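Asker: Okay, sequence plus prediction incoming.
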There are 2 protein chains.
Amino acid sequence: MPVATSNTEGTRTPLTRERVVQAAVQHADGAGLEGLTMRHVAKALNVAPMALYRHVANREDLIDAMIDVVFSEIALPLGGAGWKPAMRERALSLRDALGRHRWAIGLMESRLRPGPANLRHHDAVIGKLRSAGFDIAMVAHAYSLLDGYIYGFALTRMNMPFDTDAEMDAMAQHMFEPFPANEYPNLAEFVNTHVLKPGYDYTEEFEYGLEVILDGLEAALGTD
Amino acid sequence: MPVATSNTEGTRTPLTRERVVQAAVQHADGAGLEGLTMRHVAKALNVAPMALYRHVANREDLIDAMIDVVFSEIALPLGGAGWKPAMRERALSLRDALGRHRWAIGLMESRLRPGPANLRHHDAVIGKLRSAGFDIAMVAHAYSLLDGYIYGFALTRMNMPFDTDAEMDAMAQHMFEPFPANEYPNLAEFVNTHVLKPGYDYTEEFEYGLEVILDGLEAALGTD
DNA sequence: GCTATCAGATGTACGCTGTACGCACGATGC
DNA sequence: GCATCGTGCGTACAGCGTACATCTGATAGC
């Protein structure tokens, strides 16, 4: 029995590329990239799977569009402040965006068809560094170092879903369980006295490393 | 027509977990994680797909084992040298291993069941830093910063399969094509005068950033 | 040498995936 | 009232991971 294109309330909301992409992002935020299937996205939109293909070439094209959504959420370094606070703000903003959209880590820089938000973002960052006195080679150094660290931190942090101390403790026990006690003394000491300390939050490490990098770049810029 | 368990030469080589894992690593090196299917690994071993399940619990278990192979290839910082050259050597060794096994980037730190090579590696790195005078908090800072950078650099470099200048040029043209000229002037300048310069090799950026980080850690260690 | 046993390889089958292809239907232009 | 067209849909297919039952060839006991 074919029914009219309608949502559960009966009002008509035509499918668009934007609605498809937005639903896909939302779904991936919850279920991860693995759980992102065309059929599930279609179900979330109350629509047949094949209906998506009117607005999206294929799954890869959908992911391209999703990545550009993530880029559009990153604060652009446009203000009049110096390069250092601007880069710090961008780094934190990017880290937060990757935290909201963990599925995007690993895809941000690998798109063969970058979207407009992607290009605009890189253009703005490069522009900020250039106008602050970075020559082109130094821009490459800085960008490579900063983005490497930001993405890498997000990556190593991505699969640490321990929100509570108890969860983390159970996890650590589980990891060491198959091995003889004291086979890895340094690792054991580290985990027991640091990682498992109540209130430990790996996220805080990010800003420490970020300052080391920004200071290092500042020093290099001076002696350039 | 069922045939005896034999390879093409007719000699008998029994399937083992090691042979399965090794074949899987080899296959993933060429075809990537997406191309790593149980059926393909089985075919590479001249064996029925279900035969693999005698030696591997499932695909996830197989990947766990593959990751531990990668860890086993990383040079351990064991020598008597100082922490700085030791960390430098480890970083380069890890970078090289990730270059050989690109599929592993993004999985190295996310295994819920780390293998022995994985734990041994982390134990050795932490031990080296501790014996060089890093206190536990500083070990966390250093490890987070170094690994974040190493994995992040590998990640951003992963999907840059331009081996020749011409390839890279074509790629850049392709990326900008859909957009009006001069819409992204800073990005365009950067790409045209730096990235597309003959002989440009992104890989070289790695060591610059690594030195910035090592110097930064050294400074922090002194004022600790 | 014969037979019982059993580990290990296999064949079949199921539910899932992405998506090619052709059709159906409502809105629009005349 | 009719033709056209854009948009959503149904069917179908190949390929995936893997549960489960079965077959087979090597070994152990006598």
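Answerer: Happy to help now that I have it.

Asker: Buried residues, the helix or strand containing A:His174. List them.
Answerer: Secondary structure assignment for A:His174, by DSSP states H and E: helix A:165-176. Within helix A:165-176, the residues that count as buried by 16 or more other C-beta atoms under 10 Å in any protein chain shown are A:Met168, A:Asp169, A:Met171, A:Ala172, A:Met175, A:Phe176. From N, CA and C alone the C-beta is placed, and that goes for glycine too.

Asker: ok, now stretch A:208-218?
Answerer: A:Tyr208, A:Gly209, A:Leu210, A:Val212, A:Ile213, A:Leu214, A:Asp215, A:Gly216, A:Leu217.

Asker: got the CA positions of the helix or strand bottoming out on mean pLDDT in chain A in CSV?
Answerer: In chain A, the helix or strand scored least confidently by mean pLDDT, DSSP states H and E is helix A:165-176, which has a mean of 83. Provided in CSV are the C-alpha atoms of helix A:165-176 (Å, rounded to 0.1, in the frame of the first residue of the first chain):
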residue,chain,number,x,y,z
ASP,A,165,36.3,5.9,37.7
ALA,A,166,34.8,2.4,38.3
GLU,A,167,34.4,1.8,34.6
MET,A,168,38.0,2.7,34.1
ASP,A,169,39.1,0.5,36.9
ALA,A,170,37.2,-2.5,35.6
MET,A,171,38.7,-1.9,32.2
ALA,A,172,42.3,-1.8,33.5
GLN,A,173,41.8,-5.0,35.4
HIS,A,174,40.4,-6.6,32.3
MET,A,175,43.4,-5.6,30.2
PHE,A,176,46.0,-6.9,32.6
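
Asker: check whether that helix contacts chain B.
Answerer: Yes: contact of helix A:165-176 with chain B (C-beta under 8 Å from any C-beta of the partner chain) involves A:Met171, A:His174, A:Met175.

Asker: which one of the residues you listed sits closest to A:Asp201?
Answerer: A:Met171 (15.1 Å; C-beta to C-beta).

Asker: And that closest one, how close does it get to B:Asn182?
Answerer: 52 Å (C-beta to C-beta, to the nearest Å).

Asker: do A:Val70 as well
Answerer: 26 Å.

Asker: next one: A:Asp215
Answerer: 35 Å.

Asker: The lengthiest helix in chain A to helix B:136-158, inter-axis angle?
Answerer: In chain A, taking DSSP state H as the definition, the longest helix is helix A:136-158. Computed by axes from the mean of the first three to the mean of the last three C-alpha atoms, to 10 degrees, the angle separating helix A:136-158 from helix B:136-158 equals 110 degrees.
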